[in-house]
Every structure is written in structure tokens, then in C-alpha cells.
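predicted structure and sequence below. I'll ask about it afterward.
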Amino acid sequence: MFLTTPTVRDLERLTARVVETSSRTAGARLDAYRENDTFCIDIDLPGVDPASIDITVDGKVLTVRAERGRADREGVRYLVAERPVGVFSRQVQLSDKLDTDRLEAGYDQGVLTLSIPVLQEREPRRIQVAAK
């Protein structure tokens, strides 16, 4: 670890939890990273209609749900159907250091990108006592 500020340690712990969670659960795969003063999460949701994506933040838990169906084709009987369909859901525990009120989401080429600003740390300041 090159930097050892409390914010960096918090983000490293958060990233470790995200990686730990993604390896244990089936569902949409994700990448989590920090770009300057923004924490970003890219979630693979190929073939999903953007209108079906539901993003909620409850406390510090981010939940993403999306649904992918199979096109109804008259008279078609599938011989092989390997692509998953149904509801996909992922939950990520967010740090207190993130401004979830300013979370932004974009969807491009099957990838949902969430951008969450990192709150600025307040530097300790010394207060001078005025003598009377």
C-alpha cells in the first residue's frame, strides 16, 4: 500500500468487500474502481432493456436489479438456450465516504456505469481562543 490515508484504507476495504462478494454470488459481474474523486462501478448487463434497470440506495446498500427476457418468436422451439434470462440483482455495501445523493448512472453497450462522488475529507483546523 503506497498511500495510507484513512480514505484510501476505507476504499481498499470497500473494494475488498466488493471483490469478495462478487466471487461468492452468481449474477451480474462488476468492476469497482476509483477515478480521481469519483468511485465507479461497472456492471455487465448485456441484452438488458435500460428501462428495466432499477437502482436503489437504502442507507449504504446499493441494489441494482434488471431483467432480461427472451424474444417471443412465433413457432420457434429452442434447441439450445444457454443465455441466462430473468431477473439479475447485485448488492454492494457502500462506504460512508461516498455522496450517494449525487450518484449518476449510464448504460452503454451492455454495461451499467455508476459514478458516486467521494466526499471531501475535512482537514483538522486549530481554533484560536480570543483573550478578553
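Right, received. Where do you want to start?

so who does the most centrally placed residue in the chain touch?
Nearest to the mean C-alpha position of the chain, by C-alpha atoms, centre = their mean, lies Ile41 at 4.0 Å. The contact partners of Ile41, by C-beta atoms under 8 Å, 6 or more residues apart in numbering, come to Val18, Leu30, Asp31, Ala32, Leu62, Val92, Thr113, Leu114, Ile116. Backbone N, C-alpha and C define where each C-beta goes, glycine included.

out of those, grab the one that's most surrounded.
Ile116 (23 neighbours; other C-beta atoms under 10 Å).

and the helix or strand that residue falls within, what does it pack against?
Assigned by DSSP states H and E, Ile116 belongs to strand 111-117. The contact analysis (3 or more C-beta pairs under 8 Å, 6 or more residues apart in numbering; DSSP states H and E) places strand 111-117 against strand 38-44, strand 61-68, strand 104-108.

what strands line up against that strand, and which way round?
Paired strands of strand 111-117, with direction, are strand 38-44 (antiparallel), strand 104-108 (antiparallel) (DSSP bridges).

in the first one, what counts as buried?
Of the residues in strand 38-44, Thr38, Phe39, Ile41, Ile43 count as buried by neighbour count, 16 or more other C-beta atoms under 10 Å.

quick revisit: can you redo the strands paired with strand 111-117 as CSV with mean pLDDT?
Converted to CSV, the strands paired with strand 111-117 look like this (pLDDT from 0 to 100):
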stretch, mean pLDDT
strand 38-44, 95
strand 104-108, 96
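
quick one, which of those is nearest to Arg77?
strand 38-44 (28.7 Å; C-beta to C-beta).

coming back round to it: ok, and what's touching the strand holding Ile116?
Residues contacting strand 111-117 (C-beta under 8 Å, 6+ apart): 37-45, 53, 55, 62, 64, 66, 94, 98-100, 102-107.

report the contact partners of the residue lying farthest from the centre of the chain.
Farthest-out residue of the chain from its mean C-alpha position, per C-alpha atoms, centre = their mean: Lys132, at 53.7 Å. Contacts for Lys132 (C-beta under 8 Å, 6+ apart) come out as none.
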